[in-house]
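A.B. asks: turn this into a structure:
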Amino acid sequence: MVTKKKSKSKKESVPFDGRDIKVNGKGVPLRSQAEEALQCYFETLNGHRPARLYDLVMREVEEPLFKVVMGHVAGNQSRAADILGINRGTLRKKLKEFGIGE
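C.D. replies: Next up, the predicted model:
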């Protein structure tokens with residue numbers, strides 16, 4: 001049985017999971033940023049009851065996510081869809097919904 005050795009010169013690409021992301025040069029995970037923002041949101045309610053928080057968060061996060069990813073890939077929809085983990089049809093639908101790239 002003959003086995004092939006993998007070339008050490010080629011590094012295998014491991015998908016980046018975003019957990020060690022740096023914000024403004026600081027080693028602050030995106031998760032911590034989101035948690036802090038949500039804590040601030042609750043502090044500013046002044047006793048009012050929050051409602052439809054999931055919808056609020058998705059509206060606030062989804063559009064900038066698509067804008068930043070599209071900028072990162074210089075408008076390449078195939079690469080953007082791959083990065084986001086969605087298919088290109090869904091990507092196009094969201095881009096149209098947000099008026100991105102028109």
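A.B. asks: okay, which residue is most central for the protein?
C.D. replies: Closest to where the C-alpha atoms of the chain average out (C-alpha atoms, centre = their mean) is residue 65, at 5.2 Å.
A.B. asks: which secondary structure element contains that residue?
C.D. replies: Taking DSSP states H and E as the criterion, residue 65 maps to helix 53-72.
A.B. asks: in what helix or strand does residue 92 lie?
C.D. replies: With DSSP H and E as criterion, residue 92 is part of helix 88-98.
A.B. asks: quick one: average pLDDT of that helix?
C.D. replies: Taken as a whole, helix 88-98 has a mean pLDDT of 97.
A.B. asks: report all helices and strands that it contacts.
C.D. replies: helix 53-72, helix 77-84 (3 or more C-beta pairs under 8 Å, 6 or more residues apart in numbering; DSSP states H and E). In short, each C-beta sits where N, CA and C put it, glycine included.
A.B. asks: okay, those helices, which one's buried deepest?
C.D. replies: The highest mean neighbour count among these, using mean count of other C-beta atoms under 10 Å, belongs to helix 77-84: a mean of 16.
A.B. asks: got the angle between that one and helix 88-98?
C.D. replies: Using axes from the mean of the first three to the mean of the last three C-alpha atoms, to 10 degrees, the inter-axis angle of helix 77-84 relative to helix 88-98 is 90 degrees.
A.B. asks: which strands or helices does helix 77-84 pack on?
C.D. replies: With contacts defined as 3+ C-beta pairs under 8 Å, 6+ apart, helix 77-84 has these neighbours: helix 53-72, helix 88-98.
A.B. asks: out of those helices, the one nearest residue 47 is which?
C.D. replies: With C-beta to C-beta as the criterion, residue 47 lies closest to helix 53-72 of these, at 15.9 Å.
A.B. asks: state the mean pLDDT of that closest one.
C.D. replies: Averaged over helix 53-72, pLDDT sits at 96.
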